[in-house]
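Asks: Give me a 3D structure for the following:
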Amino acid sequence: MTKDWVLKKRRPVRKKQITPFLLELEQHLGIDLSLDQAFLELGEYGPWTMVLVDRVPLVMEVEDDEYDKQVFLTLRGFLMHLEASRWVEVDHGAIPFLMNGADCMVAGIQATDENIKVGDLVWIRDEIHKRPLAIGRALMTGHELKTGLKGKGIRTLHWVGDDLWALE
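Replies: Coordinates of the predicted model:
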């Protein structure tokens, strides 16, 4: 992620305007967002589209050159939806590296959602507390991430402490 991205073109929207966006997210992650009484906004954060719920960025549409657009929760969104799918669990030794924006190596991965495919957005959580640490793009399948012994498994896009985390 580029450090000089700023949230711009922020504008209020109605839920019905972003319903297809939210339904796609709910289906992919197996969650229910329940945003009936929330103040919703759309904004642009670099090349990503963000949905802000009560002024907090909770949903993002990630677009990059290699893969199709994908809708995903931000880390703050995962704090509210710890039951969501597409997770990868890492051991305690990987946490300091992830907190500095490093890519996730397969050696630190302890468990995964087996349904992860190459190119999927995934959220990385610690194996003990199940709290979100980072979001990234899977470079291997869920099975390969869990059984692999070396190499880069996830290209990190957003982590606790980055500019998007600090955005409010």
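
Asks: just checking, Lys9 touches Gly46?
Replies: No: applying CB atoms under 8 Å as the test, Lys9 and Gly46 come out as separate, 11.7 Å apart. Every residue, glycine included, has its C-beta placed from N, CA and C.

Asks: Who has more neighbours out of those two?
Replies: Neighbour comparison, Lys9 and Gly46: the larger count goes to Gly46, with 17 against 10 (by other CB atoms under 10 Å).

Asks: hang on, isn't the more buried one packed against Trp5?
Replies: Yes: counting by CB under 8 Å, Gly46 touches Trp5, with 3.6 Å between them.

Asks: contacts for the longest helix along the chain?
Replies: Determined from DSSP state H, the single longest helix within the chain is helix 15-29. Under the contact criterion CB atoms under 8 Å, 6 or more residues apart in numbering, helix 15-29 has outside partners 31-33, 35-36, 40, 42, 51, 59, 61, 70-73, 81, 84-86.

Asks: So which of those residues belong to strands?
Replies: In this view, the contacts of helix 15-29 that belong to strands under DSSP state E are 40, 42, 51, 59, 61, 70-73.

Asks: and the longest helix of the chain, average pLDDT?
Replies: Mean pLDDT, helix 15-29: 89.

Asks: before we move on, what about stretch 54-64?
Replies: Mean predicted confidence for stretch 54-64 is 90.

Asks: Could you list the buried residues of it?
Replies: 57-62 (16 or more other CB atoms under 10 Å).

Asks: And the furthest pair within those residues?
Replies: Using CB to CB, the buried residues of stretch 54-64 span at most 13.9 Å, a distance reached by Leu58 and Val62.

Asks: part of a strand, is Lys8?
Replies: Yes: counting by DSSP: H, G, I helix; E, B strand; the rest coil, Lys8 falls inside a strand.

Asks: Just the local confidence number for it, please.
Replies: The model's pLDDT for Lys8 equals 92.

Asks: Next: Met1.
Replies: We have a pLDDT of 47 for Met1.

Asks: What's opposite the most centrally placed residue in the chain in the beta bridge?
Replies: Taking CA atoms, centre = their mean, the centroid of the chain lies closest to Ile135, which sits 3.9 Å from it. Beta-bridge pairing for Ile135 (DSSP bridges): Trp123, His158.

Asks: was I right about it contacting Gln70?
Replies: No: counting by CB under 8 Å, Ile135 does not reach Gln70; the two are 10.6 Å apart.

Asks: hey, what's in contact with both of these two?
Replies: Leu121.

Asks: ok so, going back, just the buried ones from the contacts of helix 15-29?
Replies: Listed as buried from those are 31, 33, 35, 40, 42, 51, 59, 61, 70-73, 81, 84, 86; burial here means 16+ other CB under 10 Å.
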